[in-house]
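>>> Need a 3D model of the following:
(one chain, ligands or ions: 2)
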Amino acid sequence: MTPPRFISFEGIDGAGKSTHLEATEARLRACGADVLRSREPGGTPLAETLRELVLHQSMDPLTEALLVFGARRDHWLTVLEPALAAGRVLLCDRFADASFAYQGGGRGVAWEQLETLEQWTVAGRRPDLTLWFDLDPAEAARRRAAARDADRFEAQDLEFFERVRDAYARRAAAEPERFVRLDAGQAVSAVGAQLAAALQERGW
Ligand SMILES: Nc1ncnc2c1ncn2[C@@H]1O[C@H](COP(=O)(O)OP(=O)(O)OP(=O)(O)O)[C@@H](O)[C@H]1O
Ligand SMILES: Cc1cn([C@H]2C[C@H](O)[C@@H](COP(=O)(O)O)O2)c(=O)[nH]c1=O
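Ligands and ions are numbered 1, 2, ... in the order given. Sure thing, here's the model as predicted:
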């Protein structure tokens, strides 16, 4: 079995992705992997500039979709694709599934338009493995409130996050081999154990 080399972390805001990224990186390094950790939107100077706009400036949903995919193309071309070609292992805090979840599910941009953007910007490339931290939106909101001030997405209501969660479920149902659903409602150590088991099963 070839272990997955392009691994994305997905889920609604506050589900716990960041909490588990560092330990995952350490685990893969201990297996001898040359790991690159990055995030979306972001990961390049241009994409980080676009991230600031998307997270803090009001705009219409299609403009938002164009900006996140523009950021992704720059990130893909200048960081992710060269790293994969060099044999590195990528841990990416969100990738295109987030656009289907947030701009598609959350904002109502048509799925077909997002599929077209996905083809245009990254030739439809998807992660080898997607770890989906699935959490009840009310619990995620409680965790976020205790942790930080809200940005444009985090300020949305529970119905928005229900739609985002449903869109993640739609993506996961379409590609059950790629997606692993983690029950992010459990304690940190228990979520870490689910994650470790998923990696071990796939050769890490
Ligand atoms: N299993 C857990 N149980 C309780 N609290 C948790 C758990 N996992 C993470 N937290 C806490 O919830 C908050 C949000 O976690 P974290 O920042 O990892 O989420 P995230 O998915 O990365 O969010 P975002 O996508 O918005 O950056 C943090 O304060 C974190 O300590
Ligand atoms: C990639 C991507 C992200 N978003 C949203 C989702 C989050 O609310 C923010 C990123 O914040 P995080 O703390 O780094 O998770 O951006 C989006 O709407 N569309 C996307 O494609």
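
>>> Around ligand 2, pick out the residues from the chain.
By the rule C-beta under 6 Å from any ligand atom, the part of the chain lying against ligand 2 is 13, 39-41, 55, 68, 93-94, 98-99, 102-103, 153. For every residue, glycine as well, the C-beta is placed using N, CA and C.

>>> What about ligand 1: which of those touch it?
Among the residues of the chain next to ligand 2, ligand 1 is touched by Asp13 when using C-beta under 6 Å from any ligand atom.

>>> Pull out the buried members of the residues of the chain next to ligand 2.
Buried members of those, scored by 16 or more other C-beta atoms under 10 Å, are Asp13, Arg39, Glu40, Pro41, Val68, Asp93, Arg94, Ala98, Ser99, Tyr102, Gln103, Phe153.

>>> Just to be sure, which of these are found in helices?
When those are checked against helices (DSSP state H), the matches are Val68, Ala98, Ser99.

>>> Tell me the one of those residues nearest ligand 1?
Each of those was scored against ligand 1 by C-beta to the nearest ligand atom, and Ala98 proved nearest at 9.1 Å.

>>> Next up, the contacts around that closest one.
Neighbouring residues of Ala98 by C-beta atoms under 8 Å, 6 or more residues apart in numbering: Glu10, Glu40, Val68.

>>> mind checking pLDDT for the second one?
Put plainly, it is Glu40. In this model, Glu40 is scored at 98, pLDDT.

>>> Name the next helix or strand downstream of the host helix or strand of Ala71, please.
Taking DSSP states H and E as the criterion, Ala71 maps to helix 61-75. Downstream of helix 61-75, the first helix or strand assigned by DSSP H and E is helix 81-85.

>>> list the buried ones in that following helix?
Ala83, Leu84.

>>> now do stretch 176-188
Neighbour-count burial for stretch 176-188 flags Arg178, Phe179, Val180, Arg181, Leu182, Ala184 (criterion: 16+ other C-beta under 10 Å).
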